[in-house]
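**Q** Whatever this is, show me its structure:
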Amino acid sequence: MKTFCVLLSTLLIGTFGKAKEFTYTASTPAGAVVKDFLGISLHDSVDFIRWKLVISDEHYALQCNYGIGKPNTSGFIDGGKIITTDGRLQKEHKYYRLSNGSRKLTLAVLNIDLLQVANSDGSFLIGNGGWSYTLNNIHPLGNSQINFAAATTAINDSSVFEGRTPCAVPGVIEPGTLCYKLKWKIVLYGNAKKNSPTTYKVFGTPWRKEGGRLAKWQIINTREGGMVYQLNDEKGNGFLYLLKADENILLFTGANGKVLTGDQDFSFTLNKVL
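**A** As a prediction, the model looks like this:
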């Protein structure tokens, strides 16, 4: 009987005690912080890095493919180079700290669906017009809450954000339309003295023929204490929703407030042009 109980306990631990795994993917720029963690020479020419990160309790496993992008494809010239590493995952409040020998990498946990590569002090890395530093859960839960939603803002005379996203931005591309990615450049105009938004101009794939779209935008405070930039159409109805993660990062959401989750090629993130 004792042997049976021990066996049953072992089976239960194996069935129910295993830490749940989450897998994240993305393509990011190859900034110095990331290169240092992966052991890539700062002098190596790298267009972007494709990630597959698996986290489980206090452990992570990471595979990165990097190199020079192959024109007119989503891959690398000669297949790129692959780096694999694994190690300890330390959870600190809203951050994950990954260890690779003596090297460390900080990931801000925006929510269960999105991780943002950050500096050691927790400030977010800023991407570029091609790629962002946001990692995406391959099985997103569709969460509307976010740990880093900014609650205040200072309106400038103009601010510019850019990036590339998947096509599934609600209300922009008709379902069934052949589309691989959307390019974005959004200029937000405001009255700095009154600290109030005025108009915006959005350039990008859907408005290429029109030379951009111009209308008004407004700020909406969310129930979770965050802030959403709502871009209205010419009739005053909201058609784009951008959650402010910090001064430099905007995240696409649906009208329902749920933050959108990207894929291995692109994230639903816009980066401020500094």
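**Q** Adjacent strands (with direction) for the helix or strand hosting residue 105?
**A** Here residue 105, judged by DSSP states H and E, is contained in strand 103-111. Strand 103-111 has the following sheet partners, assigned by DSSP bridges: strand 95-100 (antiparallel), strand 114-118 (antiparallel).
**Q** Identify the residues contacting that strand?
**A** Outside of strand 103-111, the residues that reach it under the criterion Cβ atoms under 8 Å, 6 or more residues apart in numbering are 33-34, 36-37, 39, 94-98, 115-120, 122, 124, 134-135, 143, 145-148, 245, 251, 259. To be clear about C-beta, it is placed using only N, CA and C from the backbone, and glycine gets the same treatment.
**Q** Select only the buried ones of the residues you listed in ChimeraX?
**A** Selecting the buried subset of the contacts of strand 103-111 in ChimeraX, with 16 or more other Cβ atoms under 10 Å as the burial test, is done by:
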select :33,34,37,95,96,98,115,116,117,118,124,134,135,143,145,146,147,148,245,251,259
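**Q** Show only the entries of the contacts of strand 103-111 found in strands.
**A** Filtering the contacts of strand 103-111 for membership in strands, criterion DSSP state E, returns 95, 96, 97, 98, 115, 116, 117, 118, 134, 135, 245, 251.
**Q** what pLDDT does residue 12 get?
**A** Looking at residue 12, its pLDDT is 37.
**Q** for residue 223, same thing?
**A** Taken from the predicted model, the pLDDT recorded for residue 223 is 73.
**Q** max-length strand in this structure?
**A** Selection of the longest strand in the chain by residue count, based on DSSP E, yields strand 81-92.
**Q** on that earlier part again, check the offset of the strand holding residue 105 from the chain's centre.
**A** Averaging C-alpha positions (Cα atoms, centre = their mean, to the nearest Å) puts strand 103-111 12 Å from its chain's average.
**Q** can you tell me the average pLDDT over stretch 195-205?
**A** Stretch 195-205 carries an average pLDDT of 95.
**Q** Equivalent analysis for stretch 98-108, please.
**A** 96.
**Q** How about that stretch, which residues are buried there?
**A** By neighbour count, and taking 16+ other Cβ under 10 Å as the criterion, the buried residues in stretch 98-108 are 98, 99, 100, 105, 106, 107, 108.
**Q** That one: end-to-end distance?
**A** Looking at stretch 98-108, the gap from its leading to its trailing residue is 11 Å under the measure Cα to Cα, to the nearest Å.
**Q** Equivalent analysis for stretch 267-274, please.
**A** From start residue to end residue, stretch 267-274 stretches across 20 Å - Cα to Cα.
**Q** okay but residue 149 is in contact with residue 229, surely?
**A** No. Under the criterion of Cβ atoms under 8 Å, residue 149 is not in contact with residue 229, lying 11.9 Å apart.
**Q** got any residues that touch both of these two?
**A** Both residue 149 and residue 229 are contacted by 243, 244, under the criterion Cβ under 8 Å, 6+ apart.
**Q** now the helices for the protein?
**A** Along the chain, the segments classed as helices by DSSP state H run 2-16, 32-38.
**Q** on that earlier part again, turn the strands paired with strand 103-111 into a markdown table, columns for distance to residue 269.
**A** As requested, the strands paired with strand 103-111 are arranged in a markdown table below (distance: least, Cβ to Cβ, whole Å):
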| stretch | distance to residue 269 |
| --- | --- |
| strand 95-100 | 18 |
| strand 114-118 | 8 |
